[in-house]
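Colleague: quick one, what's the 3D model for this:
(one chain, ligands or ions: 1)
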Amino acid sequence: MEKAEIGLIGLGTMGSNLALNIAEKGHRIAVFNRTPARTQAFVESAGALRDMVVPCASIEELTDAIRPPRPVIIMVLAGTPVDEQIAALRGVMSANDIIIDAGNANFRDTMRRFKELEGSGLTFIGMGVSGGEEGARHGPSIMVGGTPESYQRVEGVLTAISAKFKGEPCAAWLGTDGAGHFVKTIHNGIEYADMQMIAEIYGILRDGLGMRPKEIAPVFAGWNKGRLESYLIEITASVLEADDPKTGRPVVDIILDRAGQKGTGKWSVIEAQQLGIPATAIEAAVAARVLSSMKDERLAAEKAYGANALKFAGDRGDVLGDLELALFAGKIAAYAQGFAVMAGASKEFGWNLPMPTIAKIWRAGCIIRSQFLDTIAEAFGKADPSTNLLMVPAFVEMMGKAHPSLRRIVARAAEAGLPVPALSSALAYFDGYRQGRGSTDLTQAQRDFFGAHGFERIDAPGAFHGPWGSGAA
Ligand code: NDP
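Modeller: Next up, the predicted model:
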């Protein structure tokens, strides 16, 4: 039988869809799953693609079925299961074979695995895949980290299965070792901020303007035709339109306000902190999910303090206009933070991350796909990739027009007692970023007062101490 082009371990939600996508694009694929029943079910579901699939009962059978050098995608749960599969593959693979971890790995694990395989003759690729089940089946965004040579071997398959934006594949090699998984992590961090800001705007529409889900849905649908056009805004409109079959009520009204998370948002924040790059909108979004999980405490606090949700006064049309621009301004600040974190990591880990390419491969296939990313790709194409997005000329103009609305919305939400943590963090970041002289002169004075940490002067180089005398300790 003709050898397979590539192999895949793990036929769960993502693995099975990715395998069908690969088969559909004309690449024969060998598959293996720990639980054989799942392999059987997968083969039965393959339909017309059955001939392109080689089901295997063991890892040995899997590697035997592939044309050398043999690339094998691991799509199992992140963590120890990935290390177990790598160990099993090491036992049966030979020189130049390629192990590809396509799960949501922590990039530090990817760097470790990459190092552990160095000198073994095998190569390792850490590959971020975004777009969920639908993306895996019909075209995800694919972020690759590894050696350029190993990428060359799989480039044809990956570009064929990836999403396309105006014909351009949303798959790219981004750097060595952990680059792909790092970029996927920050993608998810930005996704957290994007989703949180949309939820905050929805909260204002619901509680500040007293609108019902069916009235809010067309607002988002309308925004989806303009500067906010994106997958997340599109699905927000659809979600708000949907009714619960059991009660007939809008589905959002019967969903418990307790959000889950799997870790990539938290990893984004941890890495931003490690790198010393502010990512306040992402931090606020992660914290908002944590606070949302404290349902009982929130109910008790509402009893203690009362629900201070005042209505927004004024013309509804004016408020809606402000909300759209506020969301846009918040989005600019959140993306500026995400890209700044990637620029910091690129320097720290020597990746030379191609920012315009990252923006390009996020334009389709992934959860944060949007028209906006096309604008970012174009703007970054003309700027130094380490430039903060807020300083790229096209964005200076857009933010200049949008931030007054963000300011009004954050101020009115604060007055009304409606929480807007991501939007207000985005605003505070912007205001801090554009303030030539801030107030940390005082912080430095305090640090010198109690800890003799010293400070710099505005009028002379060097380190100085203040005239604190015996009051300092
Ligand atoms: P599923 O739960 O649907 O499937 C898990 C798969 O992992 C199954 O094939 C399972 O095999 C296998 N597995 C679990 N533990 C082991 C183990 N110890 N040894 C061997 N195989 C094991 O997960 P998903 O497909 O959703 O996720 C897979 C990866 O993709 C994860 O890293 C996830 O974070 C990532 N991801 C998921 C997305 C999504 O939207 N779902 C989006 C992007 C990335 P078995 O049948 O034997 O249990």
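
Colleague: distance check, residue 430 against the ligand.
Modeller: 31 Å (C-beta to the nearest ligand atom, to the nearest Å). All C-beta atoms are positioned from the backbone trio N, CA, C, and that covers glycine.

Colleague: what number of residues lie near that residue?
Modeller: 23 (other C-beta atoms under 10 Å).

Colleague: separation between the residue nearest to it when sequence neighbours are not counted and residue 423?
Modeller: Closest residue to residue 430 apart from its sequence neighbours, by C-beta to C-beta, 6 or more residues apart in numbering: residue 333 at 5.2 Å. Distance of residue 333 to residue 423, computed by C-beta to C-beta, to the nearest Å: 9 Å.

Colleague: ok, residue 157 - contacts?
Modeller: Shown in contact with residue 157 (C-beta atoms under 8 Å, 6 or more residues apart in numbering): 5, 6, 22, 25, 27, 71.

Colleague: re the thing from before, can you pull the buried residues of the helix or strand hosting the residue nearest to residue 430?
Modeller: Per DSSP states H and E, residue 333 falls inside helix 316-349. With burial defined by 16 or more other C-beta atoms under 10 Å, the residues of helix 316-349 counted as buried are 319, 322-346, 349.

Colleague: which helices and strands sit right next to it?
Modeller: helix 179-203, helix 213-223, helix 264-275, helix 280-292, helix 355-361, helix 371-381, helix 393-416, helix 421-433 (3 or more C-beta pairs under 8 Å, 6 or more residues apart in numbering; DSSP states H and E).

Colleague: distance between the longest strand along the chain and the chain's centre?
Modeller: If you go by DSSP state E, the chain has its longest strand at strand 123-130. Chain-centre distance of strand 123-130: 15 Å, with C-alpha atoms, centre = their mean, to the nearest Å.

Colleague: what of stretch 319-326?
Modeller: 25 Å.

Colleague: which residues does that stretch contact?
Modeller: Residues contacting stretch 319-326 (C-beta under 8 Å, 6+ apart): 201, 204-205, 208-209, 219, 223, 226-228, 312, 401-402, 405-406, 408-410, 423.

Colleague: so who does the closest residue to the ligand within the stretch 251-400 of the chain touch?
Modeller: Taking C-beta to the nearest ligand atom, the ligand has its nearest neighbour within the stretch 251-400 of the chain at residue 262, 6.4 Å off. Shown in contact with residue 262 (C-beta under 8 Å, 6+ apart): residue 104.

Colleague: now do the one 10 residues further on
Modeller: Residue 272 makes contacts with 189, 278, 279, 282, 283, 337, 341, 344, as judged by C-beta under 8 Å, 6+ apart.

Colleague: repeat the analysis, applying 10 Å as the threshold.
Modeller: 186, 189, 278-280, 282-283, 337-338, 340-342, 344-345 (C-beta atoms under 10 Å, 6 or more residues apart in numbering).

Colleague: is it correct that residue 364 is in contact with residue 142?
Modeller: No. Between residue 364 and residue 142 there is no contact under C-beta atoms under 10 Å: 11.2 Å.

Colleague: how far away is the residue of the stretch 251-400 of the chain closest to the ligand from residue 315?
Modeller: From residue 262 over to residue 315 (counting by C-beta to C-beta), the distance is 42 Å.

Colleague: what's the pLDDT at residue 470?
Modeller: We have a pLDDT of 64 for residue 470.

Colleague: partner strands of the longest strand of the chain, with direction?
Modeller: Within its sheet, strand 123-130 is paired with strand 98-101 (parallel), strand 141-145 (antiparallel), according to DSSP bridges.

Colleague: out of the ones you listed, deepest packed?
Modeller: Stretch with highest mean neighbour count among these: strand 141-145 (a mean of 30; mean count of other C-beta atoms under 10 Å).

Colleague: after that one comes which helix or strand?
Modeller: Counting by DSSP H and E, the next helix or strand C-terminal to strand 141-145 is helix 148-161.

Colleague: list the buried ones in that next one?
Modeller: Residues of helix 148-161 classed as buried by neighbour count (16+ other C-beta under 10 Å): 150, 151, 153, 154, 155, 157, 158, 159, 160, 161.

Colleague: starting at the chain centroid, how far to it?
Modeller: Using C-alpha atoms, centre = their mean, the offset of helix 148-161 from its chain centre is 23 Å.

Colleague: could you check the angle it makes with strand 123-130?
Modeller: 30 degrees (axes from the mean of the first three to the mean of the last three C-alpha atoms, to 10 degrees).

Colleague: if we can go back for a sec, out of the strands paired with strand 123-130, nearest to the ligand?
Modeller: strand 98-101 (8.4 Å).

Colleague: picking that back up, what mean pLDDT does the longest strand of the chain have?
Modeller: 97.

Colleague: is any part of it close to the ligand?
Modeller: Yes. Shown here: strand 123-130 in contact with the ligand (C-beta under 6 Å from any ligand atom) through residue 129.

Colleague: so that it lines up with my notes, have the first residue be 434 from now on.
Modeller: Fine by me, first position is 434 from now on; the one you just mentioned is strand 556-563.

Colleague: quick one: that strand to helix 697-708, angle?
Modeller: Interaxial angle, strand 556-563 versus helix 697-708 (the same axes, to 10 degrees): 120 degrees.

Colleague: immediately after strand 556-563, which helix or strand?
Modeller: helix 565-571.

Colleague: which elements pack onto that following helix?
Modeller: The contact analysis (3 or more C-beta pairs under 10 Å, 6 or more residues apart in numbering; DSSP states H and E) places helix 565-571 against helix 446-457, strand 556-563, helix 581-594.

Colleague: reformat the strands paired with strand 556-563 as TSV; add mean pLDDT and distance to the ligand.
Modeller: Shown next, in TSV, are the strands paired with strand 556-563 (pLDDT from 0 to 100; distance: least, C-beta to the nearest ligand atom, whole Å):
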stretch	mean pLDDT	distance to the ligand
strand 531-534	98	8
strand 574-578	98	10
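
Colleague: and the gap between whatever residue of the stretch 484-633 of the chain ends up closest to the ligand and residue 695?
Modeller: Among the residues of the stretch 484-633 of the chain, residue 536 lies closest to the ligand, at 2.6 Å counting by C-beta to the nearest ligand atom. Between residue 536 and residue 695 the computed distance is 11 Å (C-beta to C-beta).
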